[in-house]
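Trainee: A structural model of the following input is requested.
(chains A and B)
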Amino acid sequence: MMRRILFVLAFIGIIASVYAAFIYAPTEPQMGHIQRIFYFHMGTVWVATVAFIIVFIASIIYLWKGTRKWDILAYCSAEIGVLFLTLTIITGSVWAKPIWGTWWTWDPQLTTTFILWILYIVYLVLRSSAGNDTKKAKYAAVFAIIAFIDLPLVYLSVRVMRGISPVVFGPGGGGIAPEMMNALLINMAACTLLFIVLLLERIDLERMKDAVAKLKLSQN
Amino acid sequence: MNKVWAIIKKDIITELRTKELFSSMLVFALLVIVIFNFAFGFSAELLDLAAPAMLWISFTFAGVLGLSRSFALEKEGDAIIGMLLTPTDRSLIYAGKMISNTIFVFLVGLLMVPMFILFFNYNFLSTLVPLIPVIFLGSIGFVSVGTLFSAMALNTKLREVMLPILLFPIIIPVIVSAVKLSEQVLDGNSLLAASFSLKLLVSFDIIFLTACAVIFEYVIDES
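Mentor: Here you go, the predicted model:
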């Protein structure tokens, strides 16, 4: 029941966020309509951040306690995090093309995001290539922890490489209209709901896989 | 401390008898430099700009080659199980393997850098001396994580292929700060001209030495 309510809420939230981004929010005077993609951009990057923090915490608890459910949580969260971060990068590129005149620049934020994306793809590759289940879970947890500790250093080093350039791009540049803020918040809330729904579904799927594996074992 | 020393001694003796790890690393590093030379078409200005990056790319690639062998040797004949059966703390095993790996990688760097300086006509003494600590700190940085990951990579299906995939995204701070520092040295400045990179490199070393020593026991358990 709880699940159904969440699902409906997420559905309504997404509709509302589309409305808020395309109709409710005023057009940004300098960038024009392209700025509207920013609401989705911020929503997805927020979810990705939350997802990767969950991966980090769940991995630590898994190494400590060794219970399967924390591993499942870390794995599912990482998968969804990669999905949302991919969306972030794509929406960012689409925004950057008309505004900056290029799909991609190697500025510190973008580079760090790109490395973050690679790190968690490596995490998923590692999972699919490690042998049995406990080993897979342990290695993945170890990698997740190392990767998370590494991130601040990566950010610092990328800044060093480029010479510290202050790239402050908040939504809409400087001053932000209250409607824009509202649209942004609606988007972030909707994305968070969507994330929770996806995460719960994904965890269920993983549990079912476990159950099937157990049944197969008992059959033999 | 004796236990750590025993592991280091064992690795050094094995290496002295076979010499396969060391020579393959060194030859590989030199080959990468040669290939870069062809790729850049011998143009002098371009080489000047690219020299620090070339040094570190060839050095880390060669290092990864050596690291992936390091635990493969333990795996052959299940020597690793013998090591785990001894009443030794897991972090001591990590320390032993890590130090012996650092020694090999650092020695490769020590031999590589003079040749590098000769090939590219840098001033011998004024560049060699400040480059040594950079090479040393850089080796510690990527060997600290590399030792942990090479133990992991061996138990995956992709084996040696897995190690660079795991390692390179993590050691980006090491490579960036080491390249920055080498750039300063090759330009004839002192290391302190890039003091932020120096701090970054040292903090990476400290953070990951401790983190990996703690985490190592979860990787090595033969369950």
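
Trainee: which bits of chain A sit near chain B?
Mentor: Within chain A, the residues that sit near chain B (C-beta under 8 Å from any C-beta of the partner chain) are A:63, A:115, A:118-119, A:122, A:125-126, A:129-131, A:134-135, A:138-139, A:141-143, A:145-147, A:149-150, A:153-154, A:156-158, A:160-161. C-betas here are computed from N, CA, C, even on glycine.

Trainee: at 7 Å instead, please
Mentor: Selection of chain A residues close to chain B by C-beta under 7 Å from any C-beta of the partner chain yields A:63, A:115, A:118-119, A:122, A:125-126, A:129-131, A:134-135, A:138-139, A:142-143, A:145-147, A:149-150, A:153-154, A:156-157, A:160-161.

Trainee: max-length helix in the chain?
Mentor: In the absence of a named chain, chain A is used. helix A:178-219 (DSSP state H).

Trainee: correction: the question concerned chain B.
Mentor: helix B:44-75.

Trainee: next secondary structure element downstream of it?
Mentor: Using DSSP states H and E, the helix or strand that directly follows helix B:44-75 along the chain is helix B:79-85.

Trainee: what separation do you get for the most centrally placed residue in chain A and chain B?
Mentor: In chain A, the residue lying closest to the centroid (C-alpha atoms, centre = their mean) is residue A:48, at 1.6 Å. Per C-beta to the nearest C-beta, to the nearest Å, residue A:48 is found 16 Å from chain B.

Trainee: show me how far whichever strand or helix holds residue B:201 is from its chain's centre.
Mentor: If you go by DSSP H and E, residue B:201 is part of helix B:195-220. In terms of C-alpha atoms, centre = their mean, to the nearest Å, the centre of helix B:195-220 is found 13 Å from the chain centre.

Trainee: same question for that helix, mean pLDDT?
Mentor: Helix B:195-220 shows a mean pLDDT of 90.

Trainee: one more: stretch A:27-44?
Mentor: Mean pLDDT, taken over the full extent of stretch A:27-44, equals 83.

Trainee: which SSE is immediately downstream of the helix or strand bottoming out on mean pLDDT in chain B?
Mentor: The weakest-scoring helix or strand in chain B, judged by mean pLDDT, DSSP states H and E, is helix B:79-85 (a mean of 80). Counting by DSSP H and E, the element after helix B:79-85 in chain order, helix or strand, is helix B:90-119.

Trainee: surely residue B:71 meets residue B:152?
Mentor: No - with contacts defined as C-beta atoms under 7 Å, residue B:71 does not count as touching residue B:152, sitting 9.0 Å away.

Trainee: ranges for the helices of chain A?
Mentor: Counting by DSSP H, the helices of chain A are A:2-19, A:37-65, A:68-100, A:108-129, A:133-162, A:178-219.

Trainee: what's the least confident stretch among these?
Mentor: Among those, helix A:133-162 scores lowest, at a mean of 86.

Trainee: check which residues of that one are buried.
Mentor: A:135-148, A:150-151, A:153-161 (16 or more other C-beta atoms under 10 Å in any protein chain shown).

Trainee: for stretch B:200-213, same thing?
Mentor: B:200-201, B:203-205, B:207-209, B:211-213.

Trainee: among those, which are within reach of chain A?
Mentor: Contacts with chain A within those, counted by C-beta under 7 Å from any C-beta: B:200, B:204, B:207, B:211.

Trainee: who touches the first one in this structure?
Mentor: So the one you mean is residue B:200. A:153, A:156-157, A:160, B:173, B:177 (C-beta atoms under 7 Å, 6 or more residues apart in numbering or on different chains).

Trainee: just give me the closest of the residues you listed to residue B:125.
Mentor: Nearest to residue B:125, judged by C-beta to C-beta, of the contacts of residue B:200 is residue B:177 at 23.8 Å.

Trainee: who touches the closest one in this structure?
Mentor: Contacts of residue B:177 (C-beta under 7 Å, 6+ apart): A:157, A:160, B:197, B:200-201.

Trainee: will you turn the residues you listed into TSV that also has distance to residue B:50?
Mentor: Shown next, in TSV, are the contacts of residue B:177 (distance: C-beta to C-beta, whole Å):
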residue	distance to residue B:50
A:157	19
A:160	18
B:197	18
B:200	22
B:201	21
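
Trainee: ok, those residues vs residue B:140, which is closest?
Mentor: residue B:201 (9.0 Å).

Trainee: looks like that closest one contacts residue B:137 (just checking).
Mentor: Yes - using C-beta under 7 Å as the test, residue B:201 is close enough to residue B:137 to be in contact (5.0 Å).

Trainee: what residues does chain B put near chain A?
Mentor: Residues of chain B lying near chain A (C-beta under 7 Å from any C-beta): B:145, B:152, B:155-158, B:162, B:165-166, B:169-170, B:172-173, B:176-177, B:180, B:196-197, B:200, B:204, B:207, B:211, B:215, B:218-219, B:223.

Trainee: excluding chain neighbours, what is closest to residue B:7?
Mentor: Nearest residue to residue B:7, sequence neighbours excluded (C-beta to C-beta, 6 or more residues apart in numbering or on different chains): residue B:96, at 2.8 Å.

Trainee: do you know how far the one you found is from residue A:44?
Mentor: 45 Å (C-beta to C-beta, to the nearest Å).

Trainee: do residue B:38 as well
Mentor: 43 Å.

Trainee: again, but for residue A:135
Mentor: Residue A:135 is 32 Å from residue A:44, by C-beta to C-beta.

Trainee: do residue A:180 as well
Mentor: In terms of C-beta to C-beta, residue A:180 sits 17 Å off from residue A:44.

Trainee: neighbour count for these two, which is higher?
Mentor: Set residue A:180 next to residue A:44 and count neighbours by other C-beta atoms under 10 Å in any protein chain shown: residue A:44 wins out with 25 against 22.

Trainee: contacting residues around that one?
Mentor: So residue A:44 contacts A:84, A:87-88, A:91, A:191 (C-beta under 7 Å, 6+ apart).

Trainee: the residues you listed, buried ones only, as a ChimeraX selection?
Mentor: To isolate the buried subset of the contacts of residue A:44 in ChimeraX, counting by 16+ other C-beta under 10 Å, use the following:
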select /A:84,87,88,91,191
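
Trainee: and the contacts of residue A:44, which two are the farthest apart?
Mentor: Going by C-beta to C-beta, the pair spanning these furthest: A:91 and A:191, at 11.6 Å.
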